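K.L.:
from the sequence below, what's the structure:
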Amino acid sequence: MSDTEAALYVGLISGTSADGIDAALCRFQPHTELIHARTHLWPDALREDILDVSQGNRLLDLDAYGRLDVAIGQCFAEAVQRLLQEADVLPAAVRAIGSHGQTVRHRIGGKQPFTLQIGDPSVIAERTSIDTVADFRRADVAAGGQGAPLMPAFHAAVLGTDAYVRGVLNLGGIANLSVLHPDGRVIGFDTGPANGLMDAWCAQTYHQPFDRDGAIAAGGTVDEALLEALLNDPYFALPAPKSTGREVFHLDWLRAHGDIDAMAPADVQATLLELTVRSVADAVRREAAQADDLIVCGGGVHNRALMDALAKRLAPCRVVSSETLGVAPDHVESMGFAWLAYRRLRGEPGNLPSVTGAAGLRLLGAIHAAPRR
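P.N.:
Down below sits the predicted model:
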């Protein structure tokens, strides 16, 4: 077994909600193993900057962009350092870091499609003394793909079964669905908003980062007129491959569809939860109608009202947390980017053209070498 196969890897991601940097320490041989994981919180001011920029509320000049890129890279490096300290692992034991970065734009339409994740990987490599693989999405976009979602390949590797069709649903800021067929075929796409809109409304209205257990939504009433207006957004009817993000689904988008400030706040929250449920359920029925189970990961697993509503709408399909399969739901994505770094160092492709629409398999990520001390 080579050093690349036997070594430890670190995966890093901050999702569209920017609620923290998820960091996972993993091993992939002889089997996938999560050694340690943690979430590293953003400084409040930096998180506000990230959300403002990613929603298009503030445009940056080149100097401000450069500073933000470095500041995010510094926080990612600190997340690695804290992770290794807690795990009592030396940097020399880690073969590479896979850093997704922080998405600030995802513009796939038009003549010059692009996706942009920032968090200077050279800063991460320098501060951690670990080779860092980053910029995973742009090679797929250059090949005509969406650059997202990238997790279906990892889902297939660790959660696939040859016995029946299985769905894997990631409930982050955006929801994405992987459909794993027993013959190895995989499809996947972003279904639309998951936690992002709910968290944004909760933060603005209740000054809380999220709706714990969905309690606020459970106390409200769904506004059917607003819900139907939201579901009529053209994105939901688009065929796969497709991907989206906070630059599309944000509070200004919500306000464009109804007078939410005149509604009871809990009713807005209930309607947003139902938007996630309906858009996910419609996607599952359309693309994974034969699925025996739906394995759920991401922060939305902890929203009991959301999970109960999904289970009710999708019955008899079983809706369960990835924890039931021994995979920590909060760290599937960070494990996935560690796995993509592992693939990159082995010279193996990381995308699935059946998911992203790219012209073919591609090596994903650029390698930023750490200083040799």
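
K.L.:
care to break this structure down by domain?
P.N.:
If you go by automatic domain parsing, the domain ranges for the chain are 3-147+330-368, 151-328.

K.L.:
show the contacting residues for P316.
P.N.:
Taking C-beta atoms under 8 Å, 6 or more residues apart in numbering, we find P316 in contact with no residue. Just so you know, the C-beta spots here come from the backbone N, C-alpha and C atoms, and that holds for glycine as well.

K.L.:
turn the domains of the chain into JSON lines, including mean pLDDT.
P.N.:
Shown next, in JSON lines, are the domains of the chain (pLDDT from 0 to 100):
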{"stretch": "domain 3-147+330-368", "mean pLDDT": "94"}
{"stretch": "domain 151-328", "mean pLDDT": "96"}
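
K.L.:
spell out the secondary structure type for H106.
P.N.:
strand (DSSP: H, G, I helix; E, B strand; the rest coil).

K.L.:
how about the strands of the stretch 1-150 of the chain, start to end?
P.N.:
8-14, 21-27, 33-40, 94-107, 114-118, 132-134 (DSSP state E, counting those that start in this stretch).

K.L.:
what helix or strand does G347 sit in?
P.N.:
Using DSSP states H and E, G347 sits in no helix or strand.

K.L.:
and the strands of the stretch 1-150 of the chain as JSON lines, adding mean neighbour count and distance to L150?
P.N.:
Shown next, in JSON lines, are the strands of the stretch 1-150 of the chain (neighbours: other C-beta atoms under 10 Å; distance: least, C-beta to C-beta, whole Å):
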{"stretch": "strand 8-14", "mean neighbour count": "29", "distance to L150": "10"}
{"stretch": "strand 21-27", "mean neighbour count": "26", "distance to L150": "15"}
{"stretch": "strand 33-40", "mean neighbour count": "17", "distance to L150": "18"}
{"stretch": "strand 94-107", "mean neighbour count": "25", "distance to L150": "8"}
{"stretch": "strand 114-118", "mean neighbour count": "19", "distance to L150": "11"}
{"stretch": "strand 132-134", "mean neighbour count": "28", "distance to L150": "13"}
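
K.L.:
could I get the contacting residues of the closest residue to V53 other than its chain neighbours?
P.N.:
Using C-beta to C-beta, 6 or more residues apart in numbering and skipping the chain neighbours, the partner closest in space to V53 is V104 (5.2 Å). Applying C-beta under 8 Å, 6+ apart to V104 gives the contacts 50, 53-54, 116-118.

K.L.:
and which of those is nearest V186?
P.N.:
Nearest to V186 out of the contacts of V104 is Q117 (C-beta to C-beta; 22.7 Å).

K.L.:
any idea what the closest one is bridged to?
P.N.:
T103 (DSSP bridges).

K.L.:
and the helix ranked longest in the chain, how far out from the chain middle?
P.N.:
Counting by DSSP state H, the longest helix found in the chain is helix 62-87. The chain centroid and the centroid of helix 62-87 are separated by 18 Å, computed with C-alpha atoms, centre = their mean, to the nearest Å.

K.L.:
buried ones in it?
P.N.:
By 16 or more other C-beta atoms under 10 Å, the buried positions in helix 62-87 come out as 68-69, 71-80, 83-84, 87.

K.L.:
how much space between D140 and G360?
P.N.:
10 Å (C-beta to C-beta, to the nearest Å).

K.L.:
which of the two has more neighbours?
P.N.:
D140 (28 against 11; other C-beta atoms under 10 Å).

K.L.:
distance check, that one against M263.
P.N.:
The value you get for D140 to M263, if C-beta to C-beta is used, is 40 Å.

K.L.:
can you check W42 too?
P.N.:
For W42 relative to M263 (C-beta to C-beta), the value is 30 Å.

K.L.:
tell me which of the two has more neighbours.
P.N.:
Set W42 next to M263 and count neighbours by other C-beta under 10 Å: W42 wins out with 21 against 17.

K.L.:
which residues does the more buried one contact?
P.N.:
14, 18-21, 50, 75.

K.L.:
quick check: phi and psi at the closest residue to R318 other than its chain neighbours.
P.N.:
Excluding its sequence neighbours, the residue lying closest to R318 (C-beta to C-beta, 6+ apart) is D293, at 4.1 Å. Phi and psi for D293, reported as degrees, to the nearest 10, are phi -150, psi 160.

K.L.:
wait, D293 touches V320, no?
P.N.:
Yes: using C-beta atoms under 8 Å, D293 makes contact with V320 at a distance of 6.4 Å.

K.L.:
out of those two, which sits in the busier spot?
P.N.:
D293 (18 against 15).

K.L.:
the more buried one pairs with what?
P.N.:
R166, R318.

K.L.:
for it, what are its contacts?
P.N.:
166-167, 317-320.
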